[in-house]
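Enquirer: Have a look at this prediction, sequence included:
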Amino acid sequence: MQKTKKPAMEQFDQFAKSYDELLRDPIRDVFSGRGAAFFHERKRDLIRDWFRRRRRSTQQLSYLDVGCGKGELLSLLQKDFERVSGCDPSEEMLAEADCAVTQRQTDSTKIPFADSSFDFVTAVCVFHHVPPDLRDSLTRDIVRVLRPGGVFSIIEHNPWNPATRIIVSRTPVDADAILLPARESMNRLRNAGLRIAGCEYFLYFPEALYRYLGRTESLMRSLPFGGQYAVFAEKPPAK
């Protein structure tokens, strides 16, 4: 019997010092002249907008970013939430995340926090590094640390976007990537007992155009062609 391949945690320790450089790609560079900053800011804005449209304040909520890396998204959102935390399998990546309480994942499918600890959890471009047969295990453990009524969001590359597929195929840090469409993400969240609250696509326009076409992009959120997507799901309230 073939052994299940574990996610390559060690590779991100090796990549940590040159991570931003390894992400560089001609298409990606055209999309964002400021490197990764634009992509992190788009995710921040998407999360803010999702809660705003539901008229739900985040100021008293606790937030966990699974696979937080160097903590860029946590840093951008730390003032939006009462408490922000992160976890990641790479100790070297976490060493540069100084904006939040962080814990190392010694098992990349386990979350090193107690049951019902967080109101909001994200996993940003994490699941495509997790072998498909381990994705349900990770999802269930994320749900474990989510409070009743809490929200979990998977943000992933959209495999239906041709530019995304090209960039991922030639990026060293994505050498093990198996992209998952939004439908798979939604099915895994449903199987873990969550209720799908929304799915939206984004990153249609490069940064230079987004400044002028941001509202247009927001109107396109239901069209499955953006470079990435976000699925939001809610944990049922306690009975």
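Expert: Now that the structure is in, tell me what you want to look at. Numbers count the residues shown, from 1 in each chain.
Enquirer: What helices and strands are in contact with the helix ranked longest in the chain?
Expert: Ranked by residue count under DSSP state H, the longest helix found in the chain is helix 37-53. Using 3 or more Cβ pairs under 8 Å, 6 or more residues apart in numbering; DSSP states H and E, the elements in contact with helix 37-53 are helix 72-77, strand 146-157, strand 195-202, helix 207-219, strand 228-234. In this view, the C-beta of every residue, glycine as well, is placed from N, C-alpha and C.
Enquirer: didn't Ser222 look like it was pressed against Phe202?
Expert: No. Between Ser222 and Phe202 there is no contact under Cβ atoms under 8 Å: 11.0 Å.
Enquirer: more crowded one of the two?
Expert: For Ser222 versus Phe202, neighbours defined as other Cβ atoms under 10 Å are more numerous around Phe202 (23 against 9).
Enquirer: Beta-bridge partners for that one, please?
Expert: Assessed by DSSP bridges, Phe202 has beta-bridge partners Gln228.
Enquirer: Run through the residues that contact it.
Expert: By Cβ atoms under 8 Å, 6 or more residues apart in numbering, the contact list for Phe202 reads Arg42, Leu46, Glu217, Arg221, Gly226, Gly227, Gln228, Tyr229, Ala230.
Enquirer: Relative to Pro148, how far out is Ala238?
Expert: Using Cβ to Cβ, to the nearest Å, we find Ala238 at a distance of 4 Å from Pro148.
Enquirer: and the two? which has more neighbours close in?
Expert: A direct count of neighbours by other Cβ under 10 Å for Ala238 and Pro148 places Pro148 higher, at 12 against 8.
Enquirer: Show the pLDDT at that one.
Expert: Looking at Pro148, its pLDDT is 97.
Enquirer: Then Phe15?
Expert: We note a pLDDT of 47 for Phe15 in this prediction.
Enquirer: which stretches of this structure aren't confidently modelled?
Expert: Along the chain, segments meeting pLDDT under 70 span 1-35.
Enquirer: Alpha carbons of stretch 105-117, in PDB - could you do that?
Expert: The C-alpha coordinates for stretch 105-117 follow below in PDB (Å, rounded to 0.1, in the frame of the first residue of the first chain):
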ATOM      1  CA  GLN A 105       1.800  23.400  13.600                       C
ATOM      2  CA  THR A 106       3.900  20.300  14.300                       C
ATOM      3  CA  ASP A 107       1.200  18.400  12.300                       C
ATOM      4  CA  SER A 108       0.000  20.400   9.400                       C
ATOM      5  CA  THR A 109      -3.500  18.900   9.600                       C
ATOM      6  CA  LYS A 110      -3.800  19.900  13.300                       C
ATOM      7  CA  ILE A 111      -4.500  23.300  14.700                       C
ATOM      8  CA  PRO A 112      -2.500  24.100  17.900                       C
ATOM      9  CA  PHE A 113      -5.300  25.900  19.700                       C
ATOM     10  CA  ALA A 114      -8.200  24.800  22.000                       C
ATOM     11  CA  ASP A 115     -11.700  24.000  21.000                       C
ATOM     12  CA  SER A 116     -14.000  26.900  20.200                       C
ATOM     13  CA  SER A 117     -11.300  29.500  20.500                       C
END
